[in-house]
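no letters, just coordinates:
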């Protein structure tokens with residue numbers, strides 16, 4: 001057997017070993033396994049259906065949202081029913097690591113799913129993966145659930161953060177079509193015309209009661225397709241009639257400029 005022939009055999013074996021090594025993925029997560037096969041189902045519009053079942057994924061920024069949506073929607077639309085569930089955690093990628101959290105999307109015929117808690121870098125120096133959020137949106141759409149992304153409001157004193165976080169969520173929607181709530185722009189507009197209103201908790205990061213109500217009003221209009229600026233005064237909301245009216249007016253104004261589901 002010639003040296004040249006043996007060399008060819010050894011080279012072939014080396015190439016086979018290299019290809020095998022490159023193809024091994026170890027114990028990758030389900031998100032990584034599904035990345036290449038992730039599809040982009042169409043967005044189903046469940047907004048005007050009147051029977052709202054809303055599942056909310058997120059952290060402390062969305063912990064009050066479900067109860068407020070139940071209060072607001074049932075008061076404004078007396079012939080509707082509203083059920084909410086909140087699946088809490090730190091960030092969406094961590095929530096998505098638990099299979100039972102994902103399974104909840106197929107357990108109750110949900111009409112809407114709200115996703116809050118995508119990691120982002122305030123400095124812009126780090127690009128955090130969005131795979132988990134994209135996967136959750138895709139699973140929701142497979143179940144005919146209307147997905148809504150929830151970009152958090154900017155931290156106190158940093159209004160520019162509103163656009164940064166909103167643009168990040170728009171980039172996710174560009175890959176997995178979904179609605180995007182312009183929360184930060186609503187907050188900025190309210191603070192512009194009502195500088196004395198207190199939307200922030202003492203930490204300058206989380207929402208106060210008023211801030212949570214404002215955010216819930218945004219989702220009210222997105223979910224029901226009813227204009228917030230036609231909302232009736234709600235005595236169960238611990239805000240004055242003037243505050244409720246002004247919040248509602250701003251919500252409709254901003255959603256007219258930044259339609260949550262307009263790109264779909």
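Yep, that arrived. All values reported here derive from a predicted model rather than from experimental measurement.

which stretches of the stretch 151-264 of the chain form strands?
Secondary structure of the stretch 151-264 of the chain (DSSP state E, counting those that start in this stretch): strands located at 179-180.

quick one: residue 99 from residue 54, how far?
To residue 54, residue 99 is 22 Å away according to C-beta to C-beta, to the nearest Å. (C-beta placed from N, C-alpha, C; glycine too.)

comparing those two, which residue is more hemmed in?
Using other C-beta atoms under 10 Å as the criterion, residue 99 and residue 54 rank with residue 54 on top: 25 against 8.

got a list of what residue 44 touches?
Under the criterion of C-beta atoms under 8 Å, 6 or more residues apart in numbering, the contact list for residue 44 reads 141, 144-146.

I meant to write residue 182 there.
With contact taken as C-beta under 8 Å, 6+ apart, residue 182 is in contact with 151, 166, 218, 254-255, 257-258, 260.

hang on, the earlier thing: now pLDDT, secondary structure and distance to residue 197 too, for the contacts of residue 44, in a markdown table please.
Converted to a markdown table, these look like this (pLDDT from 0 to 100; DSSP: H, G, I helix; E, B strand; the rest coil; distance: C-beta to C-beta, whole Å):
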| residue | pLDDT | secondary structure | distance to residue 197 |
| --- | --- | --- | --- |
| 141 | 97 | helix | 36 |
| 144 | 96 | coil | 38 |
| 145 | 97 | coil | 33 |
| 146 | 97 | strand | 30 |
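
now, the contacts of residue 182 that are in helices?
Assigned to helices by DSSP state H, the following of these qualify: 166, 218, 254-255, 257.

ok, of the residues you listed, which come out buried?
The neighbour count (16 or more other C-beta atoms under 10 Å) marks 166, 218, 254-255 as buried among those.

what's the closest of the residues you listed to residue 120?
Of all these, the one sitting nearest residue 120 is residue 166; the distance, using C-beta to C-beta, is 10.6 Å.

report how many residues lie close to the residue nearest to the closest one when sequence neighbours are not counted.
Of all residues beyond its chain neighbours, the one nearest residue 166 is residue 151 (4.9 Å), with distances taken as C-beta to C-beta, 6 or more residues apart in numbering. Neighbour count for residue 151, taken as other C-beta under 10 Å: 25.

isn't residue 151 right next to residue 169, touching?
Yes: the pair residue 151 / residue 169 is scored as a contact, 4.4 Å apart, by C-beta atoms under 8 Å.

what's the burial count for residue 105?
Neighbourhood size, residue 105 [other C-beta under 10 Å]: 20.

now the one 3 residues further on
By other C-beta under 10 Å, the residues close to residue 108 number 13.

residue 122 too?
Counted with other C-beta under 10 Å, the neighbours of residue 122 add up to 12.

is it in contact with residue 161, as I believe?
Yes: Residue 122 lies in contact with residue 161 (C-beta under 8 Å); the separation is 6.8 Å.

what residues do the two have in common as contacts?
In the contact map built from C-beta under 8 Å, 6+ apart, the residues linked to both residue 122 and residue 161 are residue 155.

quick one: secondary structure of residue 122?
Using DSSP: H, G, I helix; E, B strand; the rest coil, the structure places residue 122 in coil.

list the contacts of it.
The neighbours of residue 122, taking C-beta under 8 Å, 6+ apart as the test, are 155, 158, 161, 164.

okay, the residues you listed in TSV with neighbour count next?
What follows is the contacts of residue 122, written out as TSV (neighbours: other C-beta atoms under 10 Å):
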residue	neighbour count
155	15
158	12
161	19
164	17
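
tabulate these (TSV), appending distance to residue 134 and pLDDT.
Output for the contacts of residue 122, formatted as TSV (distance: C-beta to C-beta, whole Å; pLDDT from 0 to 100):
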residue	distance to residue 134	pLDDT
155	25	96
158	27	96
161	22	97
164	19	96
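
tell me if residue 128 really is in a helix.
No: with the criterion set as three-state DSSP, the secondary structure at residue 128 is coil rather than a helix.
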